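J.: The sequence and its predicted three-dimensional model are supplied below.
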2 protein chains.
Amino acid sequence: MVELTRKQREMERRSLEILRVARPILIAEGFQGLSMDRVASQMEYAKGTIYNHFPNKEEIVLALAVESMELRRNLFEQSGCVTGPARIRMMALGAACEFFTKHCTDDFLVEQCIRKQSIWDKSSEQRQNLIRQCEGQCMGIVAGIVRDAITCGQLVIAPSLTPEELVFGFWAINYGSQILTYSSPSLPAIGIKDPFNAIRVHCCTLLNGFAWQPTMMLPEYLETMSNLNEILQPKFWSLKNQQHSIN
Amino acid sequence: MVELTRKQREMERRSLEILRVARPILIAEGFQGLSMDRVASQMEYAKGTIYNHFPNKEEIVLALAVESMELRRNLFEQSGCVTGPARIRMMALGAACEFFTKHCTDDFLVEQCIRKQSIWDKSSEQRQNLIRQCEGQCMGIVAGIVRDAITCGQLVIAPSLTPEELVFGFWAINYGSQILTYSSPSLPAIGIKDPFNAIRVHCCTLLNGFAWQPTMMLPEYLETMSNLNEILQPKFWSLKNQQHSIN
DNA sequence: GTATTTTTTGACGGTGCGTCAATAATTGAC
DNA sequence: GTCAATTATTGACGCACCGTCAAAAAATAC
């Protein structure tokens, strides 16, 4: 019994070590660049041993994505330390998003890697569920804020729109902007100089469009966001020891 | 001289044939699934001949993306046939986006394929410029509408926001939503049942947030969008013969 | 009809994935 | 401490793919 768990612990430790080796390769050279041989040689193990832990490359990538999405979820949870009306908490969440993209860029990139059919095709349902679960938790946190706002009468939405679908809009703005920012070869050339500022403006405008109380116009919003960034950063830094890639 | 151009024409014809063979493979099986050997054998040419036309796989994919983005640009241009205040033309553009995603799904998928560093690393600057150019043209069309609105006094934006950055918001909502829709394993499970409706709602809300005149509340917006979809679709269908994958 | 240029071909070297029989290490019974 | 049984590790192997290039074939020029 004790024996078994010791073995399991060792197994677990090495799995994590594999992920530690794989992560920087994935980030630096993408899915193509990550090779099992390379991971094996860098670990000083044979390839077969790696395959004892992960049945294929896709599973490694998904495992890395789980780590990264858990970091995101932790940031989302930590942003809950900000008190105040729902709209402010929603903004704190936006700040968490911004923090994640700016300071956990590696994790953001890993998250992107898994948005490909081929990866979902080849990976185990079990690990896929971990992703789904984490995604659901993130959604739950944000949708909770929306529900609070509705309950307090600070926000009224059309009956055809669920709170989750409202969150979907903010998710899309953030996610879409960030994808475009990182993958569009020359945003500045087509007139987009400060995408992060643009995201803030659009989130504020969307909140205003929904008439989410208390009313807050752009200058006030931007100032509040700056303050939130100040407040939240030190909190987030405390995660450093738990996690991998905050910089 | 005449000889040379005939050869060039044949060369051109075969390049297009390669793309015609490659496209369905790319769409069905992704970048990984597309193999040069397969294209060659399906064309009944030797692999070397394919390499006479495209120096590597990435160039083929980029060439396909150019075709798809040109289709998008054409749809954007065609949406200009709708007359009326800028806000309505902006909505027509939204309808064009929706049409593209829904009925040119293959092209939408191809557009996604090129948002990877590894593809830009390996492809020629020349073809990259074709993409950038097309992207710039699309941006130009939409930003033009925004500028019109500003000129007419129907829209006022903060001086810190360029018209292009405003477009960026709508782009992000559309692009982000669609990526999430196609790649998130289970949006319905986390509460998002009708992403297309959600996109419309968010675009309307964003327009309202910017106080873009003439004022239009959600029900009116949704009805107008439905009408636009009716009006525009037959127009778009006329592209069918020029292009590849409208369905 | 022959010499020259152009085009096509597919075998080849190199890399990477995932497998599996052979080998090494660990375990536990005596 | 020994040895048989179990478990873990290894890396060579089969297969697939990319991109190259010398040789063969076709087209062209004369």
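T.: Great, that's in hand.
J.: what's the spacing between A:Thr101 and DNA strand C?
T.: 28 Å (C-beta to the nearest atom of the strand, to the nearest Å). C-beta coordinates here come from the backbone N, C-alpha and C atoms, glycine included.
J.: I'd guessed that residue sits against A:Gln178; true?
T.: Yes: applying C-beta atoms under 8 Å, one finds A:Thr101 in contact with A:Gln178, separated by 5.2 Å.
J.: between these two, what contacts are shared?
T.: A:Phe108 (C-beta atoms under 8 Å, 6 or more residues apart in numbering or on different chains).
J.: what angle sits between the lowest-mean-pLDDT helix or strand in chain A and helix B:2-33?
T.: The least trusted helix or strand in chain A, going by mean pLDDT, DSSP states H and E, turns out to be helix A:2-33, with a mean of 88. Angle of helix A:2-33 versus helix B:2-33, following axes from the mean of the first three to the mean of the last three C-alpha atoms, to 10 degrees, is 170 degrees.
J.: ok, now which ones touch the residue of chain A found nearest chain B?
T.: Distances between chain A and chain B by C-beta to the nearest C-beta are smallest at A:Gly176, namely 2.3 Å. By C-beta under 8 Å, 6+ apart, A:Gly176 lies in contact with B:Trp171, B:Ala172, B:Ile173, B:Asn174, B:Tyr175, B:Gly176, B:Ser177, B:Ile179.
J.: Please pick the buried ones from these.
T.: B:Trp171, B:Ala172, B:Ile173, B:Asn174, B:Tyr175, B:Gly176, B:Ser177, B:Ile179 (16 or more other C-beta atoms under 10 Å in any protein chain shown).
J.: The most centrally placed residue in chain A: what's it in contact with?
T.: Nearest to the mean C-alpha position of chain A, counting by C-alpha atoms, centre = their mean, stands A:Arg72 at 4.0 Å. A:Arg72 sits next to A:Phe100, A:Cys104, A:Asp107, A:Glu111, A:Cys134, A:Cys138 when contact means C-beta under 8 Å, 6+ apart.
J.: which one of the residues you listed has the most neighbours?
T.: Compared across the contacts of A:Arg72, A:Asp107 has the highest neighbour count, 26 neighbours, by other C-beta atoms under 10 Å in any protein chain shown.
J.: Find the nearest non-adjacent residue to that residue, please.
T.: Distance criterion C-beta to C-beta, 6 or more residues apart in numbering or on different chains; nearest residue to A:Asp107, sequence neighbours excluded, is A:Ser68 at 3.6 Å.
J.: ok, the buried ones among the contacts of A:Gly176 vs chain A, which is closest?
T.: Among the buried ones among the contacts of A:Gly176, and counting by C-beta to the nearest C-beta, the member closest to chain A is B:Gly176, at 2.3 Å.
J.: That closest one: which element?
T.: Under the criterion of DSSP states H and E, B:Gly176 resides in helix B:163-183.
J.: Close to DNA strand C: what parts of chain A are there?
T.: Contact residues, chain A versus DNA strand C (C-beta under 7 Å from any atom of the strand): A:3, A:7, A:34-38, A:47-48, A:51, A:55-58, A:122.
J.: Give me the below-cutoff pLDDT ranges for chain A.
T.: A:1-5, A:185, A:238-247 (pLDDT under 70).
J.: Which part of chain A gets nearest to DNA strand D, residue-wise?
T.: Relative to DNA strand D, the nearest point of chain A is A:Gly48 (2.3 Å; C-beta to the nearest atom of the strand).
J.: what's the helix or strand where that residue lies packed up against?
T.: If you go by DSSP H and E, A:Gly48 is part of helix A:47-53. With contacts taken as 3 or more C-beta pairs under 8 Å, 6 or more residues apart in numbering or on different chains; DSSP states H and E, helix A:47-53 sits against helix A:2-33, helix A:36-43.
J.: Mean neighbour count and distance to A:Ala143 added to the ones you listed, as JSON lines?
T.: JSON lines is the format used below for those (neighbours: other C-beta atoms under 10 Å in any protein chain shown; distance: least, C-beta to C-beta, whole Å):
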{"stretch": "helix A:2-33", "mean neighbour count": "14", "distance to A:Ala143": "30"}
{"stretch": "helix A:36-43", "mean neighbour count": "16", "distance to A:Ala143": "38"}
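J.: could you dump these to a markdown table with distance to chain B?
T.: Output for the helices and strands packed on helix A:47-53, formatted as a markdown table (distance: least, C-beta to the nearest C-beta, whole Å):
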| stretch | distance to chain B |
| --- | --- |
| helix A:2-33 | 5 |
| helix A:36-43 | 15 |
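J.: looking at those helices, which is closest to A:Phe196?
T.: helix A:2-33 (20.8 Å; C-beta to C-beta).
J.: Near DNA strand D, which residues of chain A are found?
T.: With C-beta under 7 Å from any atom of the strand as the criterion, chain A meets DNA strand D at residues A:Lys7, A:Tyr45, A:Ala46, A:Lys47, A:Gly48, A:Thr49, A:Tyr51, A:Asn52.
J.: May I have the secondary structure class of the second one?
T.: The three-state assignment at A:Tyr45 reads coil, by DSSP: H, G, I helix; E, B strand; the rest coil.
J.: who's in contact with it?
T.: Neighbours of A:Tyr45 in contact, by C-beta under 8 Å, 6+ apart: none.
J.: What separation do you get for it and A:Arg14?
T.: Distance from A:Tyr45 to A:Arg14, counting by C-beta to C-beta, to the nearest Å: 8 Å.
J.: Among the buried ones among the contacts of A:Gly176, which one sits closest to A:Ala189?
T.: Taking C-beta to C-beta as the measure, A:Ala189 lies nearest B:Trp171 of these, at 14.9 Å.
J.: Report how many residues lie close to the residue nearest to the closest one when sequence neighbours are not counted.
T.: Nearest residue to B:Trp171, sequence neighbours excluded (C-beta to C-beta, 6+ apart): A:Leu180, at 6.7 Å. Using other C-beta under 10 Å, the number of residues around A:Leu180 comes to 19.
J.: ok, now A:Ser35?
T.: The burial count for A:Ser35: 14, using other C-beta under 10 Å.
J.: ok, back up a step: which residues sit in contact with the residue nearest to B:Trp171?
T.: A:Leu187, A:Pro195, B:Phe168, B:Trp171, B:Ala172, B:Tyr175.
J.: next one: A:Leu93
T.: By C-beta under 8 Å, 6+ apart, the neighbours of A:Leu93 are A:Phe76, A:Ser79, A:Ile141, A:Val142, A:Ile145.
J.: That one: which element?
T.: A:Leu93 belongs to helix A:86-103 when elements are defined using DSSP H and E.
J.: Whichever helix or strand comes after that helix packs against which elements?
T.: Per DSSP H and E, helix A:86-103 leads on to helix A:105-113 as the next helix or strand towards the C-terminus. Under the contact definition 3+ C-beta pairs under 8 Å, 6+ apart, helix A:105-113 sits against helix A:2-33, helix A:57-78, helix A:86-103, helix A:163-183.
J.: related to what we said a few turns ago, list the contacts of the residue nearest to A:Asp107.
T.: A:Ser68 makes contact with A:Cys104, A:Asp106, A:Asp107, A:Phe108, A:Val110, A:Glu111, A:Ser245, according to C-beta under 8 Å, 6+ apart.
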